[in-house]
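*Asks:* The sequence isn't on hand, but the structure is:
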């Protein structure tokens, strides 16, 4: 494995070299899946590419077509750091990408990288995603799991999950989750392209679009999110819309939430709406000004 560390350290040097061929070399390194002590050539190549900014955008967009989940994941991660509006369309196209990768906990002896990584322990939802329910939000996945296993089977499953979590040092993330983060990093330019996705036929895509719009505050998204809250067929998407409206801290959003609370039939959605209103009331409301 000595060549691993040679290559790993060479990446740090390449990040300091301004030469047109460097980006091509780094793109090739995105396909290197070797790891040692939790360190990944792919991860570090993505971080160095992110530092190259605009010149790396087009090559990274092209890489998003890769059949490798890991390559797509790290290319998305780099594009999120670059924040180039040219990547908005391709990133939106990956909101439906359910491909999931496992990430090992970085070593405490890590070679200094261009950004700081924080280890997040795996959750029960990570294991449900990895098993049979990768396309379902947590509440629905757990309901399905209980239905299929029964009470005793669920207790046994929970015991296995807890035991595995205690002995696991990996985290799991999907390409779609990373695409959401990248779009949030880009900010307001993503709002208009995302709004049409609120009517997408795939609830997973709608859920992703709502999640991003909740973090990117814009007056343009208030009415579309209110419509989702009142009319979307998927329970989890309506819950996400309630949370997204609360993020805006706009007085109009509070009105939309109050109206929805009076008409919503599902108990779990009503609870989320009520909690969202409570959170809004604990903060100072603002009014967004738009054309």
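*Replies:* In hand now; what should we look at? From a predicted model like this one, the values you see are computed outputs, not experimental measurements.
*Asks:* measure residue 275 to residue 199 for me?
*Replies:* 26 Å (C-beta to C-beta, to the nearest Å). No exception for glycine: its C-beta is placed from N, CA and C like everyone else's.
*Asks:* And for residue 277?
*Replies:* 26 Å.
*Asks:* Show me what the host helix or strand of residue 61 is packed up against.
*Replies:* Secondary structure from DSSP states H and E places residue 61 in helix 54-63. Applying 3 or more C-beta pairs under 8 Å, 6 or more residues apart in numbering; DSSP states H and E, one finds that helix 54-63 contacts helix 22-29, helix 41-51, helix 69-82.
*Asks:* Mind listing residues that contact that helix?
*Replies:* Identification of contacts with helix 54-63 by C-beta atoms under 8 Å, 6 or more residues apart in numbering yields 20, 23-24, 26-27, 30, 49-50, 71-72, 75, 78-79, 82, 84, 86-87, 90.
*Asks:* That helix vs helix 69-82, what angle?
*Replies:* Interaxial angle, helix 54-63 versus helix 69-82 (axes from the mean of the first three to the mean of the last three C-alpha atoms, to 10 degrees): 150 degrees.
*Asks:* returning to what we had before: please spell out the ChimeraX selection for the buried subset of the contacts of helix 54-63.
*Replies:* Applying 16 or more other C-beta atoms under 10 Å to these, the buried members can be selected in ChimeraX as follows:
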select :23,26,27,30,49,50,71,72,75,78,79,82,84,87,90
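*Asks:* which residues in the stretch 101-250 of the chain form strands?
*Replies:* Here the stretch 101-250 of the chain has its strands, by DSSP state E, counting those that start in this stretch, at 170-174.
*Asks:* low pLDDT regions in it?
*Replies:* 103-171 (pLDDT under 70).
*Asks:* how about a cut-off of 80?
*Replies:* Scanning the stretch 101-250 of the chain for pLDDT under 80 picks out 101-172, 249.
*Asks:* all helices for it, in order.
*Replies:* Along the stretch 101-250 of the chain, counting by DSSP state H, counting those that start in this stretch, helices occupy 124-130, 138-166, 175-186, 191-194, 203-215, 222-231, 235-248.
*Asks:* what residues does the third one touch?
*Replies:* Surrounding helix 175-186, the residues in contact under the criterion C-beta under 8 Å, 6+ apart are 69, 72-73, 76-77, 79-81, 83-85, 87-88, 91-92, 94-101, 190, 194, 204, 208, 211-212, 215-216.
*Asks:* Any of these buried? List them.
*Replies:* Buried members of those, scored by 16+ other C-beta under 10 Å, are 72-73, 76-77, 79-81, 83-84, 87-88, 91-92, 94-97, 99-101, 190, 194, 204, 208, 211-212, 215-216.
*Asks:* Distance check, residue 274 against residue 65.
*Replies:* 44 Å.
*Asks:* Can you pick out the residue with more neighbours from these two?
*Replies:* Applying other C-beta atoms under 10 Å to residue 274 and residue 65 shows that residue 274 carries more neighbours, namely 15 against 11.
*Asks:* ok, that one to residue 263 distance?
*Replies:* Counting by C-beta to C-beta - residue 274 and residue 263 are separated by 13 Å.
*Asks:* cool, residue 191 as well?
*Replies:* According to C-beta to C-beta, residue 191 and residue 263 sit 26 Å apart.
*Asks:* ok, those two, which is more surrounded?
*Replies:* Between residue 191 and residue 263, residue 191 has the larger neighbour count (other C-beta under 10 Å), namely 19 against 9.
*Asks:* from what I can see that one touches residue 215, true?
*Replies:* No. Using C-beta atoms under 8 Å, residue 191 makes no contact with residue 215, being 10.8 Å away.
*Asks:* With distance to residue 255 as added columns, please give the helices and strands packed on helix 54-63 in a markdown table.
*Replies:* Formatted as a markdown table, these follow (distance: least, C-beta to C-beta, whole Å):
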| stretch | distance to residue 255 |
| --- | --- |
| helix 22-29 | 49 |
| helix 41-51 | 40 |
| helix 69-82 | 33 |
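*Asks:* Of those helices, which is nearest residue 237?
*Replies:* Proximity to residue 237, assessed across the helices and strands packed on helix 54-63 by C-beta to C-beta, is greatest for helix 69-82 (22.3 Å).
*Asks:* returning to what we had before: give me the more crowded residue out of residue 277 and residue 199.
*Replies:* More neighbours surround residue 277 than the other of residue 277 and residue 199, with 19 against 14 (other C-beta under 10 Å).
*Asks:* contacting residues around that one?
*Replies:* Contact partners of residue 277, counting by C-beta under 8 Å, 6+ apart, are 246, 254, 257, 258, 261.
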